[in-house]
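Participant: the following comprises the amino acid sequence and a computationally predicted model.
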Amino acid sequence: MKLALARMVPRDRGHIVNIASQAGKFGAPGGATYSATKHAVVGLTEAVRGEIRLMGAHIDLSYVMPYVVNTELGSGLGSARGFHNLEPSEVADAIVQALQHQIVEVWVPKSAKRTYQVGTLLPRTLSEGLGRVMKADRVLADADATVRRDYELRAAHSEPGLPPASEQEQPQITQAAGD
């Protein structure tokens, strides 16, 4: 973002789109670290938007909060009632719409925003109960470790540009003499 803003501020135009998650608006059981990083993306974007506004610059910032997307990252995750896993094209379409209409908070699907808003109006016990009824609290907690194995192994040792696990050579395990 710093690199992009360094070019956008002198031009006094641009639009930055940060990808977060709906886990960026609530703590997802089974995904504490993931939720924390997505909360950070939301907070960072909001803070920088305020800084840009105080500067008087005309740069837009958006953050995208998709539900589970049918990608390697989303493989093996649970599902919430009333939501379907998204195709990457659905997220791409929402990003295009955000760019066209300067939408800051991009919920994918859009209906998730209403669910979130209703939850924030309810007392905490009712909001958490709604999450349990919808099984939203199980999406990350019930992840199928077998299905996610290749992704988790690759992510644990990832470097930029690392190919998917299916394209990587598997390391050979050798035993030292005397073992």
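Facilitator: Now that the structure is in, tell me what you want to look at. Numbering: from 1, shown residues only.

Participant: state which helix of the chain is the longest.
Facilitator: helix 32-55 (DSSP state H).

Participant: which residues sit against that helix?
Facilitator: By C-beta atoms under 8 Å, 6 or more residues apart in numbering, the residues outside helix 32-55 that reach it are 1, 5, 9, 16, 18-21, 23-28, 59, 61-63, 65, 104, 140. In this view, the C-beta of every residue, glycine as well, is placed from N, C-alpha and C.

Participant: now do that helix, average pLDDT.
Facilitator: Mean per-residue pLDDT for helix 32-55: 97.

Participant: got the CA positions of it in PDB?
Facilitator: Extracted C-alpha coordinates of helix 32-55, given in PDB (Å, rounded to 0.1, in the frame of the first residue of the first chain):
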ATOM      1  CA  ALA A  32      -7.700 -16.900  15.700                       C
ATOM      2  CA  THR A  33      -4.600 -16.000  13.700                       C
ATOM      3  CA  TYR A  34      -6.500 -15.700  10.400                       C
ATOM      4  CA  SER A  35      -9.200 -13.500  12.100                       C
ATOM      5  CA  ALA A  36      -6.500 -11.300  13.600                       C
ATOM      6  CA  THR A  37      -4.800 -10.700  10.300                       C
ATOM      7  CA  LYS A  38      -8.100  -9.900   8.600                       C
ATOM      8  CA  HIS A  39      -9.100  -7.600  11.400                       C
ATOM      9  CA  ALA A  40      -5.700  -5.900  10.800                       C
ATOM     10  CA  VAL A  41      -6.500  -5.500   7.000                       C
ATOM     11  CA  VAL A  42      -9.800  -3.800   7.900                       C
ATOM     12  CA  GLY A  43      -8.300  -1.600  10.500                       C
ATOM     13  CA  LEU A  44      -5.400  -0.600   8.400                       C
ATOM     14  CA  THR A  45      -7.600   0.300   5.400                       C
ATOM     15  CA  GLU A  46      -9.900   2.400   7.600                       C
ATOM     16  CA  ALA A  47      -7.000   4.200   9.200                       C
ATOM     17  CA  VAL A  48      -5.300   5.000   5.900                       C
ATOM     18  CA  ARG A  49      -8.600   6.100   4.400                       C
ATOM     19  CA  GLY A  50      -8.800   8.700   7.300                       C
ATOM     20  CA  GLU A  51      -5.200   9.800   6.700                       C
ATOM     21  CA  ILE A  52      -5.900  10.200   3.000                       C
ATOM     22  CA  ARG A  53      -9.000  12.300   3.700                       C
ATOM     23  CA  LEU A  54      -7.100  14.500   6.200                       C
ATOM     24  CA  MET A  55      -4.400  15.100   3.500                       C
END
